[in-house]
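# pasting the structure only:
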């Protein structure tokens, strides 16, 4: 697709890894895009799973406006971690008034939860479609860590042995927003509002993708639970750990080293991602995230949302 559309565009497209992902250079997404460019970007996103828009300079409103080209936006109920709008999410170790926070601060501990493999909003009945993360303050070149790593779950599933695929066919994982408190007990308990609006949900471990002729991917997270429906807690946790180890050891990855002004868009339906740890007390890191809502519940080998 890249070769077919290059001659049509007024911006440059390059591959960023042997596995997946592209970068777009010379496109200012703060401007209103025409229908042709939006259609091309949607097609490129479908094919490549990650798009890095380089050298952007975006206000909250401009990022929201660009994100809306791809669908309705998710609303974040966690008011203390949002910035200016319930449709933007403040991913940072810096407070809204510019203070560098230590790694003992609640807001920073929330960032540590994202150092485990996950897909955004898996704890919702309808998980998200795509996330767009904008680099406002990034780590200097000499700093270790701070990257965002992605893994292609189509390829991970395809590489599983037949016995494990058969075992996973009928299984679901329980996802719940409150799981971060189990990992970090010092975090405050979830609010009554969050309990009522984000209850635990169950999703198939094997995800079917109707937009890709029901191609299969592995779908789970390591930051929103470790329990498998129908199994004892001990056996479920053991299987969950095995899946985490498989993903961590896989070669189907892209690790993004952030540059100031990068806007990275990724497909939450078929990728997992994680933040690579860094010295939070030494370096400031400020990102802003917007998220495109999903359209339907997850389809599995034994679950079709269209008939529920």
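Okay, I see it. Predicted model, so just to flag it, every value in this text is computed and none were measured.
# And stretch 233-246, what's buried?
Buried residues in stretch 233-246, counting neighbours by 16 or more other CB atoms under 10 Å, are found at 236, 239-240, 243-244, 246. Quick note: C-beta positions are derived from backbone N, CA and C, even for glycine.
# now stretch 212-223
Using 16+ other CB under 10 Å as the burial criterion, the residues of stretch 212-223 that qualify are 216-223.
# In helices, which of those appear?
When the buried residues of stretch 212-223 are checked against helices (DSSP state H), there are no matches.
# Among those, which are located in strands?
When DSSP state E is applied, those are split such that 216-218 fall in strands.
# I'd like those residues written out as TSV, with pLDDT added.
TSV is the format used below for those (pLDDT from 0 to 100):
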residue	pLDDT
216	98
217	98
218	98
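# Out of these, flag the one nearest to residue 106.
Sorting these by distance to residue 106 puts residue 218 at the head of the list, at 31.7 Å, by CB to CB.
# How about the closest one: what's its closest non-neighbour residue?
Of all residues not flanking residue 218 in the chain, residue 157 sits nearest, at 4.3 Å (CB to CB, 6 or more residues apart in numbering).
# count of residues packed around that neighbour?
Taking other CB atoms under 10 Å as the neighbour definition, residue 157 ends up with a count of 21.
# contacting residues around residue 129?
For residue 129, the contacting residues are 70-71, 267-269, 292-295, by CB atoms under 8 Å, 6 or more residues apart in numbering.
# Name only those of those residues that count as buried.
Neighbour-count burial (16+ other CB under 10 Å) is assigned, among the contacts of residue 129, to 70-71, 267-269, 292-294.
# need the contact list for the nearest residue in space to residue 176 that is not next to it in sequence.
Nearest in space to residue 176, with sequence neighbours left out and distances taken as CB to CB, 6+ apart, is residue 200 at 3.8 Å. With contacts defined as CB under 8 Å, 6+ apart, the neighbours of residue 200 are 123, 174-176, 178, 225.
# do the same with residue 88
Taking CB under 8 Å, 6+ apart as the definition of contact, the neighbours of residue 88 are 60, 63-64, 76, 82, 288-290.
# try 10 Å this time
The contact partners of residue 88, taken as CB atoms under 10 Å, 6 or more residues apart in numbering, are 60-61, 63-64, 67, 73, 76, 82, 134, 288-291.
# so where is the stretch 151-300 of the chain shaky, pLDDT-wise?
Low-confidence segments of the stretch 151-300 of the chain (pLDDT under 70): none present.
# Now do the strands for it: every range, in order, please.
Taking DSSP state E, counting those that start in this stretch to define them, one finds strands in the stretch 151-300 of the chain at 172-175, 201-204, 206-209, 215-218, 227-228, 253-256, 263-267, 271-275, 286-292.
# Let me have those in CSV, extended by distance to residue 195.
Shown next, in CSV, are those (distance: least, CB to CB, whole Å):
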stretch, distance to residue 195
strand 172-175, 15
strand 201-204, 13
strand 206-209, 26
strand 215-218, 29
strand 227-228, 18
strand 253-256, 34
strand 263-267, 29
strand 271-275, 26
strand 286-292, 21
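# closest one to residue 152 among those?
Comparison of the strands of the stretch 151-300 of the chain against residue 152 by CB to CB identifies strand 271-275 as nearest, at 6.3 Å.
# Tell me what angle that closest one forms with strand 263-267.
Interaxial angle, strand 271-275 versus strand 263-267 (axes from the mean of the first three to the mean of the last three CA atoms, to 10 degrees): 140 degrees.
# and strand 271-275, which residues are buried?
In terms of neighbour count (16+ other CB under 10 Å), strand 271-275 has its buried residues at 271-275.
# And for stretch 275-282?
So for stretch 275-282, counting by 16+ other CB under 10 Å, buried means 275, 278, 280.
# Dump those into JSON lines; add distance to residue 161 as well.
Rendered in JSON lines, the data for the buried residues of stretch 275-282 read as follows (distance: CB to CB, whole Å):
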{"residue": "275", "distance to residue 161": "30"}
{"residue": "278", "distance to residue 161": "35"}
{"residue": "280", "distance to residue 161": "39"}
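# show me where the stretch 151-300 of the chain has helices.
Counting by DSSP state H, counting those that start in this stretch, the stretch 151-300 of the chain has these helices, from start to end: 153-159, 162-168, 179-183, 192-197, 233-249.
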